[in-house]
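Student: model the structure of this input:
(2 chains)
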Amino acid sequence: MIELRNLEKRYDNPLTGLPFYAVKDLSLAFPSGEITALLGPSGCGKTTTLRMINRLIEPTAGQILVEGENAQSLKPEALRRRIGYVIQQIGLFPHLTVAQNVATVPDLLGQPKARTRERVRELLGLVGLEPGQFETKRPSELSGGQQQRVGVARALAADPPVLLMDEPFGALDPLARDKLQEAFREIQHNLKKTIVMVTHDIDEALKLGDKVALLNAGELAQFGTPDDLVRRPVSEFVRQFLGEDALLRQLAGVRAGALARAGDGSGLPQVSASLNARSALSVMLRERAEAVAVTGEDGQISGVLSFHDLERT
Amino acid sequence: MTLLASDTRRPRRSIWPALIWPALLLICLIPGLLNRAVSSLSAGQVPTLDTPLWKLTLSHLGLVLLAEVVVLLIGVPLAVAVTRPGRESLMRLAEAVAGLGQTVPTLAILALAVPALGFGVRPTLLGLLLYGLVPVVSNGIAGLLAVDKPTLDAARGMGMTDGQRLRRIELPLSLPVLLAGVRTSTVYNVGTATIGAALGASGLGTPIIEGLSQQNTGLVVIGALLAALLALSLDGLLGLAAAEEGQR
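Tutor: You can find the predicted model right below:
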């Protein structure tokens, strides 16, 4: 678990001497084994908060506890080697091979080479890159999506309990982003890391976040599940930031198959189980139907999704 | 993806063009060959020198390489030191001083160095050092500044110390630009080192000085030709090293 206690980052304007708070009195606990999305408009302090966790930025006040240990009491390098780090610009080392990139932190920790080599192959497989084909390639030979897969593998290499991600999918084209988000959700389902993910993309936060922390001007506007923010916004700012179509955004992140219930779907319009729930709603509206039949990969009806089921997201 | 992969792998450049100049240089160093070839410029006489041409060429090369080693020993740490964060003003100062050094005429530096260091190799070495330092320092700075910022941020976030980041990321990535500076500086100094003969440093300047004082054009041509071939040879070979680095 990562805990922020009264965290503050103040910058003093050198000309006017006036203080500016990038982050102000922020107390927040990121639950273990879950993804917490740090969401907010640009300049709200979300990246500053993230970078204070691995001490790329030093706070001016407050405390950070990583797995119960005070981050301030550790050497910054030692702390960072225990925390995975993924950034939007990916930042692979262009002069090293994919395998050498992934091996960065195990090498820094002085782990045995043979074990690291095994680990690298295992991780490349995990992020969906055939080890034999990619190990010896240079980053410049990969597509953006493949590069960020390597970026994720590199962050996971030393098996850190905590992962910090700064808009990890922000630089990818929509298709690659969707695929990588899916792959990432799958990986996290198995690994159960404590993840803090900065994003300004509301859809991404609602789709991937187990919890969402919405920041505004350096202060916490609301912390809760995506459902909490969408259905129970605590302030006008939260409601406006998520927008009047917040429920639709949330539906877009859920598969129709996940909401469907067993039932007789004969005679109803059919949608694939892998379709997202927003699209399923669109089909209902188009067909003027109260429910749709959900079909599995084999084309057989596997359940029924009614208008009321959409409430249960 | 295979298409992209083959695109980024440039075809291997042939190494032979770079070896033409060293080969020509070696041919010219066959004893007596060059002397006889220029005899028509020396009133039909075959010009002779006390020291064989290969020895002069070697001591010239030795002087240039020695200067280059010292240039690297001073220049690279200097470039590294002034590109550390928070030293922007120091960096501008280093660039300005280096640029200023190059505007002073070579002969003036050499002449000023004589009273302090006496005649011979030492003032020449000082001159070569000052001139050779400029391209190495400015290219070193440019190369280090050009390293992608997110790449450095990732390296820091992974837990590399400042030293590890410098050795593993910054220096390897700035090496091609630095090598280009080394190439420029070395080629420059082959020319500059001929002036050293006027101060008593043995080298390819020796036949030029002697030729000028004896009004023997053949001798001047020998010195100039060999110095030019040496410069072209080093340029070719260092270019080869840079291309090799770019391949990796």
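
Student: let's test this: mean pLDDT of stretch B:82-102, rounded?
Tutor: Averaging pLDDT along stretch B:82-102 yields 84.

Student: which positions within that stretch qualify as buried?
Tutor: B:82, B:83, B:91, B:94, B:95, B:98 (16 or more other CB atoms under 10 Å in any protein chain shown). For glycine as for every other residue, the C-beta is placed from the backbone atoms N, C-alpha and C.

Student: pretty sure the fifth one sits against residue B:139.
Tutor: Same thing as residue B:95. No: Residue B:95 is not in contact with residue B:139 according to CB atoms under 8 Å; the separation is 11.1 Å.

Student: local confidence estimate at residue 51?
Tutor: All of this is about chain A. pLDDT recorded at residue A:51 is 96.

Student: that answer is for a different chain, and I need it for chain B
Tutor: 84.

Student: if I look at it, how far off is residue B:195?
Tutor: Distance from residue B:51 to residue B:195, counting by CB to CB, to the nearest Å: 18 Å.

Student: more neighbours: these two, which one.
Tutor: Neighbour totals were compared for residue B:51 and residue B:195, and residue B:195 leads with 21 against 12 (other CB atoms under 10 Å in any protein chain shown).

Student: could you double-check that the more buried one sits in contact with residue B:108?
Tutor: No: if you go by CB under 8 Å, residue B:195 and residue B:108 don't touch, sitting 10.8 Å apart.

Student: circling back: of the buried residues of stretch B:82-102, closest to chain A?
Tutor: residue B:83 (18.2 Å; CB to the nearest CB).

Student: and the average pLDDT for stretch A:220-232 is what?
Tutor: 93.

Student: interface residues of chain A facing chain B?
Tutor: Contact residues (CB under 8 Å from any CB of the partner chain) of chain A with chain B: A:54, A:56, A:76-81, A:85, A:87-95, A:104-105, A:108, A:137-138, A:140-143, A:146, A:151, A:154, A:164.

Student: now go through those and say which are in strands.
Tutor: Here DSSP state E is the test, and those give A:85, A:87, A:164 as lying in strands.

Student: for the residue nearest to the second one when sequence neighbours are not counted, grab the count of nearby residues.
Tutor: It stands for residue A:87. Spatially, and ignoring its direct neighbours in sequence, residue A:87 is nearest to residue A:166 (4.7 Å; CB to CB, 6 or more residues apart in numbering or on different chains). For residue A:166, the neighbour count with other CB under 10 Å is 23.

Student: with the one 10 residues further on instead?
Tutor: The burial metric for residue A:176, expressed as a neighbour count using other CB under 10 Å, is 18.

Student: lowest-scoring secondary structure element of chain B by mean pLDDT?
Tutor: Using mean pLDDT, DSSP states H and E, helix B:2-8 stands out as the lowest-scoring helix or strand of chain B, at a mean of 42.

Student: got the contact list for the helix or strand just after that helix?
Tutor: Using DSSP states H and E, the helix or strand that directly follows helix B:2-8 along the chain is helix B:16-28. The contact list for helix B:16-28 (CB atoms under 8 Å, 6 or more residues apart in numbering or on different chains) reads B:33-34, B:53, B:57, B:225-226, B:229-230, B:232-233, B:235-237, B:239-240.

Student: now with 6 Å?
Tutor: For helix B:16-28, contacts defined as CB atoms under 6 Å, 6 or more residues apart in numbering or on different chains pick out B:34, B:229, B:232, B:233, B:236, B:240.

Student: min pLDDT across those, which one?
Tutor: Lowest confidence among these: residue B:34, with 84.

Student: so where does that one fall, helix or strand?
Tutor: helix B:33-37.

Student: buried sites along the one helix or strand residue A:181 maps to?
Tutor: Secondary structure assignment for residue A:181, by DSSP H and E: helix A:174-191. Residues of helix A:174-191 classed as buried by neighbour count (16+ other CB under 10 Å): A:176, A:177, A:180, A:181, A:183, A:184, A:187, A:188.

Student: model confidence score at the last one, please.
Tutor: Just to be clear, that refers to residue A:188. The model's pLDDT for residue A:188 equals 95.

Student: do the same with the second one
Tutor: Residue-level confidence at residue A:177 comes out at 91, pLDDT.
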